[in-house]
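**Q** Next comes the sequence, and after it the predicted model I'd like to discuss.
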Protein chains: 2
Amino acid sequence: MSEAPHADCPLCAAAGGRMVFDGAKLRLIHAQEADFPGFYRVVWKDHVAELSDLNEADRALCMAAVIAVERVLRTHLQPTKINLAALGNMVPHLHWHVIARFGWDTHFPAPVWAAAQRGADAGQLQDAADRLPAAEAEMVAALKTLN
Amino acid sequence: MSEAPHADCPLCAAAGGRMVFDGAKLRLIHAQEADFPGFYRVVWKDHVAELSDLNEADRALCMAAVIAVERVLRTHLQPTKINLAALGNMVPHLHWHVIARFGWDTHFPAPVWAAAQRGADAGQLQDAADRLPAAEAEMVAALKTLN
């Protein structure tokens, strides 16, 4: 199912973060959430609300992109856990949160949407941020093979 | 990747909710969260932490189950939005939350893990609960075609 851009949808109007990869059917953005350096979003470019709005081939492509980002985050950032979520209650335009979570992060083990449990660790945040350029180069290479 | 059950893992030790479907590789449970009647979990039976720990065929099976549950929830409960999430920070054993969200629910539009925004609507909760038996019969039928 393909739909025209929706005038009042922020993910139709703008990238929604720092663009990492802009493909034919999906894009990858870095979420720029200060407390979560390894927070990316796979955004489906058409305005559809639910994963089940996609046909089987598009759904497979979307999930292959999510898995590609997950794999690179695991390799480069060695997170305690990966969190995947497609919520869209505020912005019902299909996007996947792919988040590297760490035992030291402000919210762990709570979800990033819950209350913080501790302050930010500037040293750990910097170490993770330093790893992003190499990680993103590998994400782009992986996503190019999908699109 | 197949692993033996982990003695200290609650999703290796027990179903983790009311069993709806118990298949060869995955099960579906109703989460029994009082404020969210349409809250289900697709639990991968092997103890693996991340979606990318599964091979391609198993990953496709797992996501096909998630989509099957999502589709039935949309048809039977007509939710405002579906929320999908694989977090596992507390229990790093692969499980997908598949949650029917409603504009009237206690947390909407916030994630179910954030703070409540309003009290529960007993009438709406009962109406949703009344729809679950028919919905679950259809979920089971759909999941049987996958396993």
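**A** Nice, thanks for sending it over.

**Q** Okay, buried residues for the lowest-mean-pLDDT helix or strand in chain A please.
**A** When the helices and strands of chain A are compared on mean pLDDT, DSSP states H and E, helix A:10-13 comes out lowest with a mean of 96. Going by neighbour count (16 or more other CB atoms under 10 Å in any protein chain shown), the buried part of helix A:10-13 is A:11, A:12. Using the backbone N, CA and C atoms, a C-beta is placed for each residue, glycine as well.

**Q** Tell me which helix or strand comes right after it.
**A** For helix A:10-13, the following helix or strand on the C-terminal side (DSSP states H and E) is strand A:18-22.

**Q** Quick check: residue A:134 vs residue A:21, distance?
**A** The spacing between residue A:134 and residue A:21, counted by CB to CB, to the nearest Å, is 15 Å.

**Q** Kindly state the beta-bridge partners for the residue positioned nearest the centre of chain A.
**A** Among the residues of chain A, residue A:41 comes closest to the average C-alpha position under CA atoms, centre = their mean, at 2.1 Å. Listed beta-bridge partners, residue A:41: residue A:29, residue A:97 (assigned using DSSP bridges).

**Q** Where does pLDDT dip in chain A?
**A** Across chain A, the stretches falling below the confidence threshold (pLDDT under 70) are A:1-3, A:147.

**Q** hmm, try it at 50
**A** Across chain A, the stretches falling below the confidence threshold (pLDDT under 50) are A:1.

**Q** Could you list the residues of it in contact with chain B?
**A** Residues of chain A that fall close to chain B, judged by CB under 8 Å from any CB of the partner chain: A:49-52, A:59-60, A:63, A:66-67, A:70-71, A:74, A:80-90, A:92, A:101, A:108-111, A:113-115.

**Q** buried subset of those?
**A** Buried subset of these (neighbour count, 16+ other CB under 10 Å): A:49-52, A:59-60, A:63, A:66-67, A:70-71, A:74, A:80-89, A:92, A:101, A:108-111, A:113.

**Q** Next step: the residues of chain A next to chain B restricted to helices.
**A** A:59, A:60, A:63, A:66, A:67, A:70, A:71, A:74 (DSSP state H).

**Q** picking that back up, just the C-alphas of the least confident helix or strand of chain A, formatted as CSV.
**A** Extracted C-alpha coordinates of helix A:10-13, given in CSV (Å, rounded to 0.1, in the frame of the first residue of the first chain):
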residue,chain,number,x,y,z
PRO,A,10,6.4,15.2,10.8
LEU,A,11,7.9,12.1,9.2
CYS,A,12,6.5,13.0,5.8
ALA,A,13,7.6,16.6,6.2
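
**Q** for it, packing partners?
**A** Helix A:10-13 sits against no helix or strand, with contacts defined as 3 or more CB pairs under 8 Å, 6 or more residues apart in numbering or on different chains; DSSP states H and E.

**Q** Do I have it right that residue A:84 meets residue A:67?
**A** No - the pair residue A:84 and residue A:67 fails to qualify as a contact (CB atoms under 8 Å) at a distance of 9.2 Å.

**Q** Give me the common contacts of these two.
**A** Common neighbours of residue A:84 and residue A:67, using CB atoms under 8 Å, 6 or more residues apart in numbering or on different chains, are residue B:51.

**Q** now the strands: where do they sit in chain A?
**A** A:18-22, A:26-30, A:39-44, A:81-86, A:95-101 (DSSP state E).

**Q** Please name the strands paired to the first one in the sheet, noting orientation.
**A** To tie it back to what came earlier, the one meant is strand A:18-22. So strand A:18-22, judged by DSSP bridges, has these partners: strand A:26-30 (antiparallel).

**Q** Residues contacting the strand it pairs with, please?
**A** Contacts with strand A:26-30, where a contact means CB under 8 Å, 6+ apart, come from A:15-21, A:39-45, A:61-62, A:65, A:69, A:132, A:136, A:139-140, A:143, A:147.

**Q** give the contact list for residue A:75.
**A** Residues counted as contacts of residue A:75 (CB under 8 Å, 6+ apart) are A:135, A:138.
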